[in-house]
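Participant: With the input below, show me the fold.
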Amino acid sequence: MKIPKKGMRKKELFDLLEEYRSDDVNWRSGRVMGYIYDAGREAEAVGKEAYMMFLTENGLDPTIFQSLLRLENDLVSMATSHLNGDADVVGNFTSGGTESIILAVKTARDYFRARKPHIKEPEMILPMTAHAAFYKAAEYLDVRPVRVPVDSKTFRADAGEIAKAIGPNTILLVGSAPSYAHGVIDPIADIAALALEKGLLFHVDACVGGFMLPYFRRLGEPIPDFDFGVPGVTSISMDLHKYAYTPKNASMVFYRTKELRKYQLFACSRWPGYTVVNTAAQSSKSGGPLAAAWAVLHFIGDEGYLEIARHTLAATRKMVAGIEEIEGLRIMARPDMCMFSFTSDTINVFHIIDEMKKHGWYIQPQLECEGSQKNIHISINESNAGLIDEFLSDLRASVEKAQTISSSNFVNDVKQILISNTGEVIGDEDISHLMGMVGVEGNQLPESMADINEILNILPAELRERVLIHFINELFHS
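Facilitator: The predicted structure is shown next:
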């Protein structure tokens, strides 16, 4: 494809864009139980208008666009108050939870480089439920992840296991509030006490829950302490584009002190161009997401968010109770948040997902991982809180249908191949052949995903990752 020789007319251009997105999921339907957080048309319109108003302003230099500096300071001030921070707590706006987490890991690495330069191979301790972003940070920043098991029934981190894993190279402990996969809050106070005792930094990943959990607490939920009110918590990440319902990309990362935050920053004057000073990983960045986040928080307001939390909490309770009434299904852990996972010991959950898709629902599969069996993940937000009865009705029908579907012979064949080929190297050609056998052609996935998910589920984690990288590398074919 080449740049068109002549410019397109506006109508023709936007008609083509509409055609391009014709196969996208209909996120406004409320039937997408992941990726999208929608508070309704009014909040969406406010966010879009503010986004476009600041689309061109560049966050690269806060002294040039002082409006962006003011907006960011306003957001940090509101958010630190929300997270029980005192006057010493500082923070910055980022493009998403992954960037926030990468910055927190960078800060820990550079903090210990300055204080304990003898640590050449820094380590961070991750409960097995910690978000994948920590592994990306580990790979990017050369910080070794040390994985520890979690409680096999509650899926909460085990402070005792973390304590046993602390060694001479440990720089950072990690906890979740809540963990994405199961929606449960780790014992933050216990882990924080360990961090204080050992002189370590402790990051709380509250990307998904940091904004909404304080509202759940105000509604009477027994939410354990997880924020800067807990001594020993040194940094927190919190997304706004999730349960604050702001347009993407909007997250924040906070530190106990400005002295600690200093290690997040980057400056370069060793080149002949303009002096570079960055608060985050990005240099040039649109002011749009920042302005949109500021606008939506002001538009919905504290009372509005409390009412949204009330709807979401009631919907979560109803959904959990309804799933527990369906024979063959069980909730994996009692959630602290409006997201959770459920599974079955007798029915292939991947077939349930395929059947729910036929009813117009998008729900996320989660693969088996060290004591967490394959399951279905649910995220409830304002857009689907009113659809619980409809969801449960379709789920009951999908479970009934899934019970009649037998396992594919091909999946059993792949299992036998993996057993017999233990120790043999599986190359890219083998992966391509495997994908073709399950109906993956180029960038096209089959309508039914159960076989693909089942095969991914039985592959060792390292091979899973290679398969996924191979697929994405082919998907972006240009």
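Participant: where does this protein have low pLDDT?
Facilitator: Scanning the chain for pLDDT under 70 picks out the ranges 417-425, 442-443.
Participant: The lengthiest helix in it - contacts with which helices or strands?
Facilitator: When the chain is scanned for its longest helix (criterion: DSSP state H), the result is helix 288-324. Contacts defined by 3 or more Cβ pairs under 8 Å, 6 or more residues apart in numbering; DSSP states H and E place helix 288-324 against helix 41-53, helix 66-82, strand 90-94, helix 213-218, strand 330-331, strand 339-343, helix 388-402. The way it works is simple: take the backbone N, C-alpha and C, and place the C-beta from them, glycine included.
Participant: between these, which one is nearest to residue 228?
Facilitator: Closest to residue 228 of those is helix 66-82 (Cβ to Cβ; 7.4 Å).
Participant: Now do the closest one: distance to the chain's middle.
Facilitator: 23 Å (Cα atoms, centre = their mean, to the nearest Å).
Participant: With stretch 141-150 instead?
Facilitator: 18 Å.
Participant: what does stretch 275-294 give?
Facilitator: Worked out by Cα atoms, centre = their mean, stretch 275-294 lies 20 Å from the chain centre.
Participant: same question, stretch 202-222
Facilitator: Distance, centroid of stretch 202-222 to centroid of chain: 15 Å (Cα atoms, centre = their mean).
Participant: Just the buried residues of that stretch, please?
Facilitator: Neighbour-count burial for stretch 202-222 flags 202-216 (criterion: 16 or more other Cβ atoms under 10 Å).
Participant: which two from those end up farthest apart in space?
Facilitator: 202 and 215 (24.1 Å).
Participant: Now distance to residue 252 too, for the helices and strands packed on helix 288-324, in TSV please.
Facilitator: Formatted as TSV, the helices and strands packed on helix 288-324 follow (distance: least, Cβ to Cβ, whole Å):
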stretch	distance to residue 252
helix 41-53	16
helix 66-82	6
strand 90-94	5
helix 213-218	14
strand 330-331	31
strand 339-343	20
helix 388-402	31
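Participant: Distance of the residue lying closest to residue 155 once chain neighbours are set aside relative to residue 157?
Facilitator: The shortest distance from residue 155 to any non-neighbouring residue, by Cβ to Cβ, 6 or more residues apart in numbering, is to residue 182 (4.3 Å). Distance, residue 182 to residue 157, using Cβ to Cβ, to the nearest Å: 11 Å.
Participant: Can you check what angle separates the longest helix of the chain from strand 339-343?
Facilitator: 40 degrees (axes from the mean of the first three to the mean of the last three Cα atoms, to 10 degrees).
Participant: quick one on the thing from earlier: would you agree the residue nearest to residue 155 is in contact with residue 334?
Facilitator: No: counting by Cβ atoms under 8 Å, residue 182 stays clear of residue 334, with 9.3 Å between them.
Participant: wait, which of the helices and strands packed on helix 288-324 is closest to residue 130?
Facilitator: strand 339-343 (15.8 Å).
Participant: and the closest one, what other elements does it pack with?
Facilitator: Checking 3+ Cβ pairs under 8 Å, 6+ apart, strand 339-343 ends up next to helix 288-324, strand 330-331, strand 375-379.
Participant: Can you give me the buried ones in stretch 132-148?
Facilitator: In stretch 132-148, counting by 16+ other Cβ under 10 Å, buried: 133-134, 137-138, 143, 145-146, 148.
Participant: Run through who's touching the helix or strand hosting residue 175.
Facilitator: Using DSSP states H and E, residue 175 maps to strand 170-176. The contact list for strand 170-176 (Cβ atoms under 8 Å, 6 or more residues apart in numbering) reads 104-105, 108-109, 111-112, 119, 122-127, 129-131, 134, 143, 146, 157, 162, 166, 185-188, 191, 194-195, 198, 200-206, 226.
Participant: Mark which of the residues you listed are buried, thanks.
Facilitator: Buried, going by 16+ other Cβ under 10 Å: 104-105, 108-109, 111-112, 122-127, 129-131, 134, 143, 146, 157, 162, 166, 185-188, 191, 194-195, 200-206, 226, out of the contacts of strand 170-176.
Participant: Isn't residue 148 up against residue 129?
Facilitator: No: using Cβ under 8 Å as the test, residue 148 is too far from residue 129 to be in contact (10.1 Å).
Participant: okay, and the common contacts of those two?
Facilitator: Between them, residue 148 and residue 129 share the contacting residues residue 157, judged by Cβ under 8 Å, 6+ apart.
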